[in-house]
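K.L.:
build me a model from this:
(one chain, ligands or ions: 2)
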Amino acid sequence: MATVTESAAASAKPQPAQAASNAQAGEQIDGFQLVIEALKLNGIDTVFGLPGIPITDLTRKAQAAGLRVISFRHEQSAGYAASIAGFMTQKPGVCLTVSAPGFLNGLTALANATTNCFPMILVSGSSEREVVDLQQGDYEEMDQLAIAKPLAKAAFRVLHAEDIGVGVARAIRAAVSGRPGGVYLDLPAKLFPQSIDAELGRKSLIKVVDPAPRQIPAQDAVKRALDLLRGAKKPLILLGKGAAYAQADAQIRALVEKTGIPYLPMSMAKGILPDTHPQCASAARSFVLPEADVVLLVGARLNWLLSHGKGKTWGGKGSKDWGGQKFVQVDISPTEADSNVRIDAPVVGDIGSCVAALLEGSDGIKAPAEWVAAVNDKKGRNVAKMAEKLGENPAPMSFHSALNVVRDVVKANPDAYLVNEGANALDFTRSIVDMYKPRKRLDVGTWGVMGIGMGFAVAAAVVGKQQVLAIEGDSAFGFSGMEVETICRYDLPVCVVIMNNNGVYRGDEKNPAGGADPSPLVFVKDARYEKLMEAFGGVGRHVTTPQELRAAIDEAFRTKRPTLINAVIAEGAGTESGRITALNPTAAKK
Ligand SMILES: Cc1ncc(C[n+]2csc(CCOP(=O)(O)OP(=O)(O)O)c2C)c(N)n1
Ligand SMILES: [Mg+2]
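P.N.:
Ligands and ions are numbered 1, 2, ... in the order given. Purely as a prediction, here's the structure:
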């Protein structure tokens, strides 16, 4: 007996009576088509995902309708790709997954997007509501909407084809307005084949007007902030990933340069102004944080990455003591202020509008020369120390000698995207490799999550249409390594460099019990990761010196071919947890 498939059912000849009523009713449109048209109407031209029931035809039909459909090997990578596309473009990145397990695989990326304020929509097919709600054991049964809710900024389900327009519009607005985040859109299998009158269906779609409205800060809030900055003896500006997202690069630069205030970029804010800018205080971070008296936070939250705005990092006596700074906080979310320490002057609004308002009122605000000189002095000494370290040429390579090469490559190719994950591989890259343009550094973000690597790299190449350089710890790479096939399949200009030290943090740990099992922290020694890329037709290189590394990266950039460079780093070169050793419970106990 022939199996009745969806497409066979759809193409079955209508009965005479039905045909007559169809003719009367005019052309029909189904749920698949309405979803695709709703996305297209809102300027979404690329979707990331992984096909299967019930969204297989959605991926096919989307491609047929001219959307770029990037199909991954694991939903988590597709989700990370969507989320970083959202960060890069201010349009929600869309990820398509199948029900239950596919949905759960995508959910990590959705939660990560919400945490990082990346606009993303996870569109997941789901099983039959009636069966799910009675827990009768459907194929891939799961109450996905309920599970997504606490991890998403918003979550919606569409049951009827005529509501698709509203569902997509609400998802878009929720993802990009105010503080951006991850949105879940649940589309049950039964929705897709529903057909309605095509004209009515198309009329029901909504092209979202002004999806992320500007939010103008109140004048008195701006004045309060300016007064504080005007009285500062040691002012400091901290630029966060929110400042990068806002694409207010020109206003931010103008404010920094007009006031002469030293600034520190958070990891993904590197490049809003070039890291080589004379006012960049990155090289004097541990000097400026405790010394500053007034700190202007722009799209930066006082979370763990900034030691919660208190403690020794900020000059406090004990680990939880306030360092005495006054804070001005520019943020789109009115509830961000005071989340860790007192914010003396919250400025609530979109970053572009807030910075423009601060700039307009900033006449007479100038960083005192003594403070600037002290910062520069500290910077100069630290840069000299770093240069010495970068000049060393040990065998096997150290993180420094390898990353010195990456530093030169990025300087020569400032438009390239730099994707970065790992522990030492992350921390050293962040501090050694200067960025020159905004939103080019894409990394593990607020959670320090491993696994973003290949998803981010694919999105950067597809959406950013530039060469991508992914600097990966060998452990970090493993989380999404199979996506090298995706990179080869779409023939993307992605060059992956694995900083291979044979393990998590280091490769020289031993089994403390002395047994045959290796330490939980180490991998197969001298693994040949480059062969993974060769397996799919890309270029693999095994390098042991900075010269070989440079030649291999240059070749990848010249040819634009998918490339994986296995860079051998000394097993003992890293430190436990990179720069965040102190967060380990054992270290904390000491
Ligand atoms: C999803 C996830 N799982 C586990 C971790 C814990 N973790 C932090 S860094 C890291 C890997 C560090 O090793 P590697 O990438 O090789 O970097 P290295 O320090 O060796 O350069 C792990 C497993 C994490 N951050 N995220
Ligand atoms: Mg490692």
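K.L.:
for stretch 222-232, give the mean pLDDT please.
P.N.:
In this model, stretch 222-232 has a mean pLDDT of 98.
K.L.:
just the buried positions in that stretch, please.
P.N.:
For stretch 222-232, the neighbour count (16 or more other C-beta atoms under 10 Å) marks 222, 225, 226, 228, 229, 230, 232 as buried. Every residue, glycine included, has its C-beta placed from N, CA and C.
K.L.:
tell me the spacing between the last one and residue 225.
P.N.:
The gap separating residue 232 from residue 225 is 11 Å, by C-beta to C-beta, to the nearest Å.
K.L.:
which regions of the stretch 451-590 of the chain lie under the pLDDT threshold?
P.N.:
By pLDDT under 70, the low-scoring segments of the stretch 451-590 of the chain are 588, 590.
K.L.:
tell me who's in contact with residue 397.
P.N.:
Counting by C-beta atoms under 8 Å, 6 or more residues apart in numbering, residue 397 touches 544, 545, 546, 549, 567, 568, 569, 570.
K.L.:
helices - which of those land there?
P.N.:
546, 549 (DSSP state H).
K.L.:
what's the closest of the contacts of residue 397 to ligand 2?
P.N.:
For the contacts of residue 397, the minimum distance to ligand 2 (C-beta to the ion) is 7.6 Å, reached by residue 569.
K.L.:
export the buried residues of stretch 222-232 to TSV and tack on secondary structure and distance to ligand 2?
P.N.:
Formatted as TSV, the buried residues of stretch 222-232 follow (DSSP: H, G, I helix; E, B strand; the rest coil; distance: C-beta to the ion, whole Å):
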residue	secondary structure	distance to ligand 2
222	helix	46
225	helix	43
226	helix	47
228	helix	44
229	helix	43
230	helix	48
232	coil	42
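K.L.:
can I get those in JSON lines with distance to ligand 1?
P.N.:
JSON lines is the format used below for these (distance: C-beta to the nearest ligand atom, whole Å):
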{"residue": "222", "distance to ligand 1": "39"}
{"residue": "225", "distance to ligand 1": "35"}
{"residue": "226", "distance to ligand 1": "40"}
{"residue": "228", "distance to ligand 1": "37"}
{"residue": "229", "distance to ligand 1": "36"}
{"residue": "230", "distance to ligand 1": "42"}
{"residue": "232", "distance to ligand 1": "36"}
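K.L.:
contacting residues around residue 398?
P.N.:
Contacts for residue 398 (C-beta under 8 Å, 6+ apart) come out as 392, 569, 570, 573.
K.L.:
surely the first one meets residue 400?
P.N.:
The reference is to residue 392. Yes. Assessed by C-beta atoms under 8 Å, residue 392 is found in contact with residue 400 at 6.5 Å.
K.L.:
how about the residue nearest to residue 302 when sequence neighbours are not counted, phi and psi?
P.N.:
Distances taken as C-beta to C-beta, 6 or more residues apart in numbering place residue 309 nearest to residue 302, at 3.7 Å, with adjacent residues excluded. Note on residue 309: backbone dihedrals following degrees, to the nearest 10 are phi 70, psi 10.
K.L.:
can you pull out the helices in the stretch 101-250 of the chain?
P.N.:
Using DSSP state H, counting those that start in this stretch, the helices of the stretch 101-250 of the chain run over 101-116, 129-133, 144-148, 164-176, 198-203, 219-230, 241-245, 249-259.
K.L.:
nearest to residue 496, of these?
P.N.:
Residue 496 sits nearest to helix 101-116 of all the helices of the stretch 101-250 of the chain, at 19.4 Å, using C-beta to C-beta.
K.L.:
ok, and the closest non-adjacent residue to residue 573?
P.N.:
Nearest to residue 573 is residue 398, by C-beta to C-beta, 6+ apart, at 5.0 Å.
K.L.:
quick check, pLDDT for the one you found.
P.N.:
Residue 398 carries a pLDDT value of 97.
K.L.:
need the max-distance pair from the buried residues of stretch 222-232.
P.N.:
222 and 232 (15.9 Å).
K.L.:
do I have it right that the residue nearest to residue 302 meets residue 337?
P.N.:
No. Judged on C-beta under 8 Å, residue 309 makes no contact with residue 337 at a distance of 11.1 Å.
K.L.:
the more surrounded of those two?
P.N.:
Taking neighbours as other C-beta atoms under 10 Å, residue 309 and residue 337 compare with residue 309 leading, 24 against 21.
K.L.:
OK, contacts around the more buried one?
P.N.:
Counted by C-beta under 8 Å, 6+ apart, residue 309 has contacts 302, 322, 325, 327, 340, 341.
K.L.:
more neighbours, residue 392 and residue 400?
P.N.:
Using other C-beta under 10 Å as the criterion, residue 392 and residue 400 rank with residue 400 on top: 21 against 11.
K.L.:
the more buried one: what's it in contact with?
P.N.:
By C-beta under 8 Å, 6+ apart, residue 400 lies in contact with 389, 390, 392, 428, 432.
K.L.:
distance of the residue of the chain found nearest ligand 1 from residue 262?
P.N.:
Taking C-beta to the nearest ligand atom, ligand 1 has its nearest neighbour within the chain at residue 473, 2.0 Å off. Residue 473 sits 31 Å away from residue 262, going by C-beta to C-beta.
K.L.:
what about the residue nearest to the spatial centre of the chain, which helix or strand?
P.N.:
In the chain, the centroid-proximal residue (C-alpha atoms, centre = their mean) is residue 84; its distance is 4.1 Å. In this structure, residue 84 sits in helix 75-89 according to DSSP states H and E.
K.L.:
with residue 386 instead?
P.N.:
Judged by DSSP H and E, residue 386 forms part of helix 369-391.
K.L.:
what's the distance between that helix and the middle of its chain?
P.N.:
Distance of helix 369-391 from the chain centroid (C-alpha atoms, centre = their mean, to the nearest Å) equals 31 Å.
K.L.:
can you name the element that comes right after it?
P.N.:
helix 399-412.
K.L.:
so how far is ligand 2 from residue 451?
P.N.:
As defined by C-beta to the ion, to the nearest Å, residue 451 lies at a distance of 14 Å from ligand 2.
K.L.:
for the closest residue to that residue other than its chain neighbours, which residues are in contact?
P.N.:
Closest residue to residue 451 apart from its sequence neighbours, by C-beta to C-beta, 6+ apart: residue 479 at 3.5 Å. With contacts defined as C-beta under 8 Å, 6+ apart, residue 479 is in contact with 450, 451, 453.
K.L.:
could I get those residues as CSV with distance to residue 272, neighbour count and secondary structure?
P.N.:
Formatted as CSV, the contacts of residue 479 follow (distance: C-beta to C-beta, whole Å; neighbours: other C-beta atoms under 10 Å; DSSP: H, G, I helix; E, B strand; the rest coil):
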residue, distance to residue 272, neighbour count, secondary structure
450, 26, 20, coil
451, 26, 23, coil
453, 23, 30, helix
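K.L.:
want to throw these into a markdown table with distance to residue 418?
P.N.:
Below are these laid out as a markdown table (distance: C-beta to C-beta, whole Å):
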| residue | distance to residue 418 |
| --- | --- |
| 450 | 17 |
| 451 | 17 |
| 453 | 12 |
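K.L.:
contacts for the helix holding residue 386 next, please.
P.N.:
With C-beta under 8 Å, 6+ apart as the test, helix 369-391 has contacts from 233-235, 260, 262, 278, 281, 283-284, 287-288, 291, 400-401, 403-404, 407, 431-432.
K.L.:
circling back to that earlier point, the helix holding residue 84 vs ligand 1: in contact?
P.N.:
No. Applying C-beta under 6 Å from any ligand atom, one finds helix 75-89 separated from ligand 1 by no less than 9.3 Å.
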